[in-house]
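Colleague: For reference, the sequence and a predicted model appear below.
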Number of protein chains: 4
Amino acid sequence: MSKGTDFLNKDREKFKIAVDIFSSKGYHSTTMDEVAQAMGVAKGTIYYHFKNKDELYLCTTQLGISILEIMAREAIGQHTDSREKIVALIESYLLFMHDYAGIAYIFLRELFGDHNRRDFFREATKSYQKLIQNVLEEGQRAGAFAGDLNAEICASSIFGMIFTVAIHYLQVYGELSMDVVKDNICKLIFHGLLEV
Amino acid sequence: MSKGTDFLNKDREKFKIAVDIFSSKGYHSTTMDEVAQAMGVAKGTIYYHFKNKDELYLCTTQLGISILEIMAREAIGQHTDSREKIVALIESYLLFMHDYAGIAYIFLRELFGDHNRRDFFREATKSYQKLIQNVLEEGQRAGAFAGDLNAEICASSIFGMIFTVAIHYLQVYGELSMDVVKDNICKLIFHGLLEV
Amino acid sequence: MSKGTDFLNKDREKFKIAVDIFSSKGYHSTTMDEVAQAMGVAKGTIYYHFKNKDELYLCTTQLGISILEIMAREAIGQHTDSREKIVALIESYLLFMHDYAGIAYIFLRELFGDHNRRDFFREATKSYQKLIQNVLEEGQRAGAFAGDLNAEICASSIFGMIFTVAIHYLQVYGELSMDVVKDNICKLIFHGLLEV
Amino acid sequence: MSKGTDFLNKDREKFKIAVDIFSSKGYHSTTMDEVAQAMGVAKGTIYYHFKNKDELYLCTTQLGISILEIMAREAIGQHTDSREKIVALIESYLLFMHDYAGIAYIFLRELFGDHNRRDFFREATKSYQKLIQNVLEEGQRAGAFAGDLNAEICASSIFGMIFTVAIHYLQVYGELSMDVVKDNICKLIFHGLLEV
DNA sequence: GATGAATGAGGATTCATTCAT
DNA sequence: AATGAATGAATCCTCATTCAT
């Protein structure tokens, strides 16, 4: 944990401020002056804690992502059944989107972003998709999920599906009616589109 | 169609160059000097055709998006069966991702981007999701798809699913093995995860 | 008479357009594009008639100034009495300000302007001040005007006085009520401030 | 008082440099690079203190104008007799022209300048003309000055007269022989042209 | 630890001018 | 005679970063 992460961890208010600004204005359009002013400190103070703008951005995002990771692991940990684990994962992702929409925006933006920071965010994504993938493979071995599905592709599909729906809802309706969204995603994921 | 769109339409080579640079370096890290040099024209020439950097970016993206729209509509138009339409849509999206990965990157990046251009891209997204949604509702009325599914949520899910998987593949394997991806997505979408 | 002056002389509409734009926006803030568009010709056409922007500006102003010169000489020519000549001069200046306010603005602006074109306008001014000065000296020799006044200083004073008042009126009241202004200026010039 | 005015006030040397450059080259032909170099600071430093070139220009001029205002008020304050006040005003204006010719040039140039800054300078002018006007009206009430003169027109006349003569002298003779100029202007203003 | 004035490299934009048609 | 697309030098302005206090 770097000096900067420490700074943000101790003062969660400043963390939220950083997330807010970066998520609403984007990395480049956010100036260090703005961040400093919003945090109520001098610009020099930020440079005392962070090597440069990039480190501030990365530390901020990293802290946000670690929250998502913890939420997801806790959700899975409370269940033994593969299907229930998937439901819990979906719930935790939606909850995260609800509580930390700013981080989620930053995260997705960078995932599809330019070369500069893509690798960093790709690694983070991989570990979540791997989390889903593990549950899927576990379920396939247990005979719960169709064995002929490619777990990697499905994990990626589910990941993209959830984030996209959640953001669609946030953008269109302003807020996330989680139950409706969750129910529909579960139905689609478990049973597919086709009428039986 | 603005003066700038005209310029890019007549010279598709320049359009591709703009897409390439913007998608690989991002809006802010791309300089007008670079674009001009890559296009083989003077900087002033770009400013003769586009009001500013933003207009160049938007015109470029708009042209790319219109290509996706045409591909999707053509794909749907060749089928009458709802299920086949969905397959065709998936195929056309994957094909687009393959041929115009740059545009796809820009598109997704901005969809989750900051306030400045989000509205513009949100509008574009809505029209595609609507395209999927229409097919879904048609299928539901015809009894092909489960009637209790919320078509809007499912359309958004499918949209996110396809793009995410496609980009995941492009990033992990460098290229898109479309058949494998398509088969798996179709299975997931039509039958769900559960073993019957 | 240069090629450009010819062009403006033949088409007085274009002359007025040039004066309007230059006077309201100033030399630097006026672009050749604007001039061309306002004149209803292509930019190249202007460069066909004028060597460059400076020549266009100078030709335009020169034409305007020659009008003032003609007006002043005609005014003086109609009188033999020195005092009446002064009145006629004042009238003609005010009339010019009224009819060609744009040119007047340009003229004064450049008179106090930067080095670039000052010499050109200073020469023009000198010739008018000289016109006044001649009338003053003539009047002094005839015993009409106080002999101990420095004619050069007085000529300059009268020149500045008239222009300033006229512009003051144009700016404050939107238009020039010439009679009131003329009467007061005449009184002041002929009798001074002091109550007799 | 803005941040920028403060900066110029504390360092009068830099103020003079700004005045010098702007007055000799004009607003548009003066580059920020030149100003920065002449002041011996980096370009960024100027932008740290002034929002943009326009603010630098306006702050510079404003400071200059406030000097003129102070000089004029002090001059008037030392006298009770209306006629002596007028003489003192003329003296103070000529002194200002002598010491701050650069500001005077800028001032007059903008007074007759384009739309952009005219309002700003017009306001400043109004207050000086008002100063003169007040003295004139006071004198008229006291019976010292002719009661049938329009004080507003006369104030404007006197204002324009002084500036024009002063500049005429500066331009023609390179320097201002104040006594000669003052004497002549006083004679003209108080007694008029006519031989009694 | 904290500050904020100063820096200067970097990049967007403007616009007078040219020239092939 | 007239055109207008193309040019690129010139300039304004931004902002991450430094450092003396």
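Modeller: All right, it came through fine.

Colleague: Please count neighbours and contacts with C-alpha atoms only from this point.
Modeller: OK.

Colleague: residues touching the residue positioned nearest the centre of chain A, list them.
Modeller: Closest to where the C-alpha atoms of chain A average out (C-alpha atoms, centre = their mean) is A:A104, at 4.8 Å. Residues near A:A104 by C-alpha atoms under 8 Å, 6 or more residues apart in numbering or on different chains: A:F96, A:M97.

Colleague: give me the element it is part of.
Modeller: Here A:A104 sits within helix A:101-111, counting by DSSP states H and E.

Colleague: now A:K130
Modeller: Assigned by DSSP H and E, A:K130 falls within helix A:115-141.

Colleague: Do that helix and DNA strand F come into contact?
Modeller: No: contact between helix A:115-141 and DNA strand F is absent, the nearest approach being 13.6 Å (criterion: C-alpha under 7 Å from any atom of the strand).

Colleague: quick one: buried residues of that helix?
Modeller: Going by neighbour count (16 or more other C-alpha atoms under 10 Å in any protein chain shown), the buried part of helix A:115-141 is A:118, A:121-122, A:124-126, A:128-129, A:131-140.

Colleague: Quick one: name the residues of chain A near DNA strand F.
Modeller: A:28-33, A:43-44, A:47, A:51-54.

Colleague: mind running it again at 6 Å?
Modeller: A:H28, A:S29, A:T30, A:T31, A:M32, A:D33, A:G44, A:Y47, A:N52, A:K53 (C-alpha under 6 Å from any atom of the strand).

Colleague: How about the secondary structure of the closest residue to the third one other than its chain neighbours?
Modeller: It stands for A:T30. In space, A:T30 comes closest to A:F22 once its chain neighbours are excluded; the distance is 6.2 Å by C-alpha to C-alpha, 6 or more residues apart in numbering or on different chains. Recorded secondary structure, A:F22: helix (DSSP: H, G, I helix; E, B strand; the rest coil).

Colleague: State the pLDDT value of A:F22.
Modeller: Predicted confidence (pLDDT) for A:F22: 95.

Colleague: A:Y57 versus that one, what's the distance?
Modeller: 8 Å (C-alpha to C-alpha, to the nearest Å).

Colleague: out of these two, which sits in the busier spot?
Modeller: A direct count of neighbours by other C-alpha atoms under 10 Å in any protein chain shown for A:F22 and A:Y57 places A:F22 higher, at 24 against 16.

Colleague: Stretch A:126-144 and chain B, are they touching?
Modeller: Yes: judged by C-alpha under 8 Å from any C-alpha of the partner chain, stretch A:126-144 comes into contact with chain B through A:G143, A:A144.

Colleague: what sits up against that stretch?
Modeller: With C-alpha under 8 Å, 6+ apart, stretch A:126-144 has contacts from A:69, A:82-83, A:85-86, A:89, A:145-147, A:151-152, A:154-156, A:159, B:194-195.

Colleague: Report the buried members of those residues.
Modeller: A:69, A:82-83, A:85-86, A:89, A:145-147, A:151-152, A:154-156, A:159, B:194.

Colleague: circling back: filter the residues of chain A next to DNA strand F down to the ones in helices?
Modeller: Judged by DSSP state H, the subset of the residues of chain A next to DNA strand F located in helices is A:M32, A:D33, A:G44, A:Y47, A:K53.

Colleague: Please tell me how far the second one sits from chain B.
Modeller: Plainly put, A:D33 is 18 Å away from chain B if you go by C-alpha to the nearest C-alpha, to the nearest Å.

Colleague: likewise the first one?
Modeller: Separation of A:M32 from chain B (C-alpha to the nearest C-alpha): 16 Å.

Colleague: who's in contact with that residue?
Modeller: Contacts for A:M32 (C-alpha under 8 Å, 6+ apart) come out as A:K43, A:K53.

Colleague: And for the residue of chain A found nearest chain D, nearest residue in space, chain neighbours not counted?
Modeller: Residue of chain A nearest chain D, by C-alpha to the nearest C-alpha: A:D33 (12.2 Å). Residue nearest to A:D33 in three dimensions, not counting chain neighbours: A:K43, with 6.2 Å by C-alpha to C-alpha, 6+ apart.

Colleague: buried sites along stretch A:56-76?
Modeller: Neighbour-count burial for stretch A:56-76 flags A:56-65, A:68-69, A:71-73, A:75-76 (criterion: 16+ other C-alpha under 10 Å).

Colleague: My guess is the residue nearest to A:T30 contacts A:F107. True?
Modeller: No: judged on C-alpha atoms under 8 Å, A:F22 makes no contact with A:F107 at a distance of 10.9 Å.

Colleague: what is in contact with the two at once?
Modeller: By C-alpha under 8 Å, 6+ apart, no residue touches both A:F22 and A:F107.

Colleague: OK, now which residue of chain A is nearest to chain C?
Modeller: Counting by C-alpha to the nearest C-alpha, chain A gets nearest chain C through A:S29, at 30.0 Å.
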